[in-house]
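Chemist: using only what follows, build the 3D model:
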Amino acid sequence: MSTSSTSSTPSRAPGAAPEDPSAVSVDLPGDLPCTQPGCPAGTGSACEYVDRRGHGCLTAWCPEHRLVIDGRVYCRRHAGVVSALPVGYVGHTAPMPDLGTRAPSLVSWVAREVDADIRQVLLAEAGEGGAQLVTDPVYLVFVGGDRRRAWERAWKLVDHAGRSLRVSLQVEEDADAEIAVQVDTAILDRLTPPWIVQRLHGAVPSPEVDDGRRRDFNRRLLDVIGRGVRRRAERVALAAGADYGLAVPAADGR
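Modeler: Numbers count the residues shown, from 1 in each chain. Next up, the predicted model:
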């Protein structure tokens, strides 16, 4: 079995060589007030994020508080968006996500948290059949009849006959508080991460409570995927009959 994946990682260069463009952006002071609450510095440089509509971020960040990716200064939110996009996406003609959306960074964050577990679920399903596990980076998709913009991270199991099992997580730009969990073409559930619920209600739980809620969320998401994969296996077994020697699971998915 083999795996492949692609990722994009922020380039932070507090100690980088002078010829590194990120180092220049890190150290070069600007002349704008820093947006960081409580920071008195007037050495901020503007966040360089510009979305597909031409809207730019209106924040500025001093050398201490800015984040730098590929030589460009970003605020924390848009650094998260940019670092979630495929390698080479930024700086080309591809449309950047809307200014206020968290969709790419949210799906990227959640996918990283459960990546190893999803791989394990799929590889267990593959058994000894020699199927290949292929992973896709976060990328733009269009969903629904009205072609809504969404960002998706996917894992796919492909066997020698070309049959595939696909699991994906998806966040729409206009509904960026929800993670859609999908097996093949069916969306099985839509889940809102606990940290977003907490933020919406102004709650600040203790680190222990927050960590527990995050673990519970990951378990719930993986449970949805597991049930979807088992039900899909049941349908395949029923369609194939006894030719593959597969045991048909109970109707409740156990």
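Chemist: quick one: average pLDDT of the helix or strand containing W151?
Modeler: Assigned by DSSP states H and E, W151 belongs to strand 148-158. On average, the pLDDT along strand 148-158 is 93.
Chemist: return the list of strands paired to the strand or helix carrying V73, each annotated with direction.
Modeler: Here V73, judged by DSSP H and E, is contained in strand 72-74. Using DSSP bridges, strand 72-74 pairs in its sheet with strand 67-69 (antiparallel).
Chemist: report the buried residues of the partner strand.
Modeler: Across strand 67-69, burial judged by 16 or more other Cβ atoms under 10 Å covers L67, V68, I69. No exception for glycine: its C-beta is placed from N, CA and C like everyone else's.
Chemist: right, and the second one touches C75 too?
Modeler: No - proximity of V68 to C75 does not meet the contact threshold set by Cβ atoms under 8 Å, at 11.3 Å.
Chemist: got a markdown table for the buried residues of strand 67-69, with distance to I196 too?
Modeler: Below are the buried residues of strand 67-69 laid out as a markdown table (distance: Cβ to Cβ, whole Å):
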| residue | distance to I196 |
| --- | --- |
| L67 | 21 |
| V68 | 27 |
| I69 | 24 |
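Chemist: please report how far the spatially most central residue of the chain lies from P95.
Modeler: Nearest to the mean C-alpha position of the chain, by Cα atoms, centre = their mean, lies S108 at 1.5 Å. To P95, S108 is 18 Å away according to Cβ to Cβ, to the nearest Å.
Chemist: just the pLDDT at the residue nearest to the residue nearest to the centre of the chain when sequence neighbours are not counted, thanks.
Modeler: Leaving aside its sequence neighbours, S108 sits nearest to A84 (Cβ to Cβ, 6 or more residues apart in numbering; 3.4 Å). pLDDT, A84: 87.
Chemist: in this protein, which spans are strands?
Modeler: 45-46, 60-61, 67-69, 72-74, 132-143, 148-158, 164-172, 175-183, 186-191 (DSSP state E).
Chemist: may I see the buried residues of the fifth one?
Modeler: In this case it means strand 132-143. Buried residues in strand 132-143, defined by neighbour count with 16+ other Cβ under 10 Å: L133, V134, T135, D136, P137, V138, Y139, L140.
Chemist: where do the helices of the chain begin and end?
Modeler: 21-27, 76-84, 103-126, 194-200, 207-240 (DSSP state H).
Chemist: and these, which is most packed in?
Modeler: Each of the helices of the chain was scored by mean neighbour count; the highest is helix 76-84, a mean of 22, by mean count of other Cβ atoms under 10 Å.
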